[in-house]
Each structure stands twice: as C-alpha cells, then as structure tokens.
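In: the sequence and its predicted three-dimensional model are supplied below.
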Amino acid sequence: MIRLAWPDVGDAEAGAVADVLATGHLTMGPKVPEFETELARACGTEHAVAVSSGTAALHLAVLALGIGEGDEVIVPAYTFPATANVVALAGARPVLVDVDARTMNIDVERVAAAVTPRTRAVLAVHLFGRPVDWEQLEAAVPERVALIEDAAGALGARRRGRPCGGLGMLGCLSFHPRKVVTTGEGGAVVTSDAEIADAVRQLRHHGWQPPDLRDLPRPGLNYRLSDILCAVGLPQVRRLDELLARRSRIAAGYEQRLAGAVATPRAADGDVHGWQAYVVQLEPRAEALTALRRAGVEAQIGTYALHRLGAYADHGPFPGADAAYERALALPLHARLTDADQDRVAEALRPVTSGFRGQKHLG
C-alpha cells in the first residue's frame, strides 16, 4: 500500500521525547516556550501560543477577539468543517462565501460583497498550503474587520516573501500527522499583538493568568499542549526548510508525470506553496479514487463543501465549492514516497483521465 501520508519523524524526535520523560515534567514545562519560539520565528511573528489542536487554535483566535452572539465571521464554503464550527460554537454566525474553483481559496470579490455591519472577521484559509491573495483580501474589507489566517496547512508557505501565519492579525496552525510539521495532535496561534497573545494563553489554561493563580479572571478551556508533543515538533520545525524542500521535489515529480492528465496545483507567481497536500482536480473523481485504491494507493477527497453537510445545509448555493468538491483528489505526499511510487500513482490514473479536457493548472 502506498500511504497517503507518513509523518517525517525519527531518532531526533524519539530522543527529544525520551529527554522529556526523564525530567518527569510532561506538560507546561520548558519545551512549550522553546517550541513557541521556533514557531514565531518561522511565521515572522512576535508571539506563538501552542495549543492542543488546529481546531483549538481557531477557537481561541475567535474567542480572543471577543467574537460572540450577534457577530458574523466570513469563512470559505470549501474547507474543513472546523473553520466554520469554531465560529458557530462561539455563538457567532459563520457566513459562507464561495471559493475560486481553480485556486480553491476564498473568492475575494465575494468577500467584499458579504461584509455587513455585523462582520467582525474573515477567517481565510490557505487551502492545502496555497497562499491566499492577501493584498486583495486586505483591500476588500474595512479596517475594523480582523483578518484571521487558517494556516493549518501553510507553515512554511510564503506570500510574496512573507511567511503565511504572519500576514493577518492572527494565524492558526495545525500539527496533525498530515501536516509538514506534526506533533500527532497539536496547534498554535501566532500573532504580533501582545494583548491577543496574552488572551490566548489565558484562555488555553482555564482562564488563569500565570504566575498569579489566586484568582480566575475569566472562564477558559484546557487547550494546553504537553511538553512531550512539543518535543516531537521541535526537531521538525528546526528543519522546516528541508522538510518543505522534500515535498516540493515530490510535487515537481507529480507535475512532470500528471501535467495534461489532470489539473495540477501551483502557487501564484512569486509565492511559495506549503504542500500540506497534493490535491489535483479531475473528472470523473469517483472513478479515479476507485482506480487508485484498487492499485494499492491511498487517496482521499480534497476537503468538504460545507453547504453539503447537515450543519450548514441552509447556506448556499456555492458553485465554486461544488466544483472543487466534486473534482478535487488528494494524492500521496510524504518523504518516503519514491519515484516508483509516483510512477504507480500516475499509471493508475492514466486510464481514467485519458479523456480529461479541463484546465492544466489550479491557479
């Protein structure tokens, strides 16, 4: 079986975990701020706050901005459900906006049309690691509207030389095993706003504000990330450029093998793709997915058109999200993938895509 994903971890991570176990200090110890320092450096921000998942990062970003009942937050209609779920769970209204079917990122022109007096933020996703057109997004909304990056798949990606995660007021990262840097489960909020960083730290730790634990100034959550998991992430974030270079080479190998047979992903000129996933578009997607699985290749849909899920069925229509959902296919992407593996993927797809007449590139 050719795996869809395989975390790039080994002896360095195992040794780092063993070191933490030997100290007996398994959570909220020195590895947490050490990991946070490296994340802030990678994103070009002054602060990073490690939390228990990418979803937790999104949730705390929304809460730290004081978003709640009566507020609206614009989110893309094609994304993992957590992007919208955290808004709803904060008591606010997620306003779905269609995506550009080619880039699969939020359609910035439609964002401008969706802004109302109740709009507090836009939660923009760098989907699969492709940077959003950030300058156009900034120009599309009033200054009072906060821009939050869902950079769950974009650690290492760059928009015109600037690191994703550090473009907006806050950036939210994920360290799920399919990400370039993984801690198994984990996430982080990155920002250069000291007050927001303090609010996120407080909210992740029940509402306490260390070192003073005599009072609980506000209710919070337990969204902490343990020292053990931070130790797993540290060696990877320190070699982020190396990990991303490996994925970039694999992406180039797919481009060579699949160009013309499917629509292949790319970043805009001057940008650096984060390659959290290698997601192509093709028709018929269902037949391609079946053919890959029969050939022993793990593959998966890209992500979800939210208005096709029960929780958001009253939203829509969104033709861009529909097109992306029906055509997008994630192929195996990890450092253990060989040239022979990529040949096998291409060979499995070729009979299905022989009649493909779609666009050459996504973007």
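Out: Happy to help now that I have it. Numbering: from 1, shown residues only.
In: not counting its neighbours along the chain, what's nearest D339?
Out: Distance criterion C-beta to C-beta, 6 or more residues apart in numbering; nearest residue to D339, sequence neighbours excluded, is G253 at 6.8 Å. From N, CA and C alone the C-beta is placed, and that goes for glycine too.
In: which pLDDT does the model give that neighbour?
Out: G253 carries a pLDDT value of 98.
In: what's the helix or strand for it?
Out: Per DSSP states H and E: G253 is located in helix 240-258.
In: from the chain's centre, how far out is that helix? Work that out for me.
Out: Mean C-alpha position of helix 240-258 versus that of the full chain (C-alpha atoms, centre = their mean, to the nearest Å) differs by 18 Å.
In: ok, now stretch 106-120?
Out: That offset, for stretch 106-120, works out to 21 Å (C-alpha atoms, centre = their mean).
In: tell me where the stretch 101-250 of the chain has helices.
Out: With DSSP state H, counting those that start in this stretch as the criterion, the stretch 101-250 of the chain has helices at 108-114, 134-140, 194-204, 227-238, 240-258.
In: ranking the ones you listed by burial, who's on top?
Out: Highest mean neighbour count of these: helix 227-238, a mean of 23 (counted as mean count of other C-beta atoms under 10 Å).
In: show residues contacting that one.
Out: By C-beta atoms under 8 Å, 6 or more residues apart in numbering, the residues outside helix 227-238 that reach it are 8-9, 12-13, 16-17, 19-21, 25-32, 34-35, 38-39, 42, 50, 155, 175, 180-186, 243.
In: ok, now which ones touch the spatially most central residue of the chain?
Out: The chain has A152 as the residue nearest its centroid, 2.1 Å off, counting by C-alpha atoms, centre = their mean. A152 makes contacts with G54, A57, F80, V125, C172, L173, S174, H176, K179, G187, Q276, as judged by C-beta under 8 Å, 6+ apart.
In: is it true that the last one touches V125?
Out: No. Under the contact definition of C-beta atoms under 8 Å, Q276 does not touch V125, with a separation of 10.9 Å.
In: report the secondary structure element holding R41.
Out: Counting by DSSP H and E, R41 is found in helix 31-43.
In: what are the contacting residues of the helix or strand that that helix is followed by?
Out: Sequence order places strand 47-51 as the next helix or strand after helix 31-43, per DSSP H and E. With contact meaning C-beta under 8 Å, 6+ apart, strand 47-51 is reached by 32, 35-37, 39-40, 57, 60, 186-194, 196-197, 200-201, 204, 223-225, 230.
In: tell me the average confidence for stretch 155-165?
Out: The average of the pLDDT scores along stretch 155-165 is 98.
In: so for that stretch, first residue to last residue, what's the gap.
Out: 7 Å (C-alpha to C-alpha, to the nearest Å).
In: what residues of it count as buried?
Out: For stretch 155-165, a neighbour-count test (16 or more other C-beta atoms under 10 Å) marks L155, G156, A157, R158, R159, P163, C164, G165 as buried.
In: pull the number of nearby residues for D314.
Out: A total of 7 residues lie near D314 under the criterion other C-beta atoms under 10 Å.
In: if I pick it, what's in contact with it?
Out: Per C-beta under 8 Å, 6+ apart, neighbours of D314: none.
In: SS state for it?
Out: Taken by DSSP: H, G, I helix; E, B strand; the rest coil, the conformation at D314 corresponds to coil.
In: from L306, how far off is it?
Out: D314 sits 11 Å away from L306, going by C-beta to C-beta, to the nearest Å.
In: one step back: for ChimeraX, write the selection for the buried entries among the contacts of strand 47-51.
Out: What follows is the ChimeraX syntax for the buried subset of the contacts of strand 47-51, where burial is set by 16+ other C-beta under 10 Å:
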select :32,35,36,39,40,57,60,186,187,188,189,190,191,192,193,196,197,200,201,204,223,224,225,230
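In: could you find the closest non-adjacent residue to R224?
Out: Among residues not flanking R224 along the chain, R204 sits closest, at 5.7 Å (C-beta to C-beta, 6+ apart).
In: so what's the one you found up against?
Out: By C-beta under 8 Å, 6+ apart, the contact set of R204 is V49, V51, S52, A56, L60, G220, L221, N222, Y223, R224.
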